[in-house]
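> Starting from these lines, generate the structure:
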Amino acid sequence: MDGENIKLAVLDVLTRYGEKAKVVLEAALRVAKRYRALGKKVPGDFDYRSVVEELQRLGVSYNPSMLLRILERQYGIVQTVYH
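Numbering: from 1, shown residues only. The predicted structure follows:
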C-alpha cells in the first residue's frame, strides 16, 4: 500500500471509529518508536501486549484486539508478522 492509500485508509478509520482508533494508532506508533530507539529486536514494529500497556499508561481502559484486527483485515494499515 502506498503512502496516499495509507493516508486515506487512516482518515477513513478515524472517521468511522473516532477517538478509539486515534488512541490505538498513537499507542502502536509510540511502542514502535520506543522499540526502534532502544534497538529492540522483535518480529514486528509493535506487539499487542505493549500496545495494551501503552494504552494503560495513557489512562485508556480499552482492549484494542478488535480494532487492530479491523486495521489489518479491512484497511491493511497494520500487518501481523508473528503469532
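
> could you say what helices and strands the longest helix along the chain packs with?
Determined from DSSP state H, the single longest helix within the chain is helix 3-38. Other elements packing on helix 3-38 under the criterion 3 or more Cβ pairs under 8 Å, 6 or more residues apart in numbering; DSSP states H and E are helix 48-57, helix 65-73. All C-beta spots, glycine's among them, are computed from the backbone N, C-alpha and C.

> any idea how far that helix is from the chain center?
5 Å (Cα atoms, centre = their mean, to the nearest Å).

> what mean pLDDT would you report for it?
Average pLDDT, helix 3-38: 93.

> now do stretch 43-54
On average, stretch 43-54 scores 89.

> who touches it?
For stretch 43-54, the surrounding residues in contact (Cβ atoms under 8 Å, 6 or more residues apart in numbering) are 24, 27-28, 30-32, 35-36, 63-65, 68, 79-82.

> Would you list the buried entries among those residues?
24, 27-28, 30-32, 35, 64, 68 (16 or more other Cβ atoms under 10 Å).

> That's all I had, so thanks and see you.
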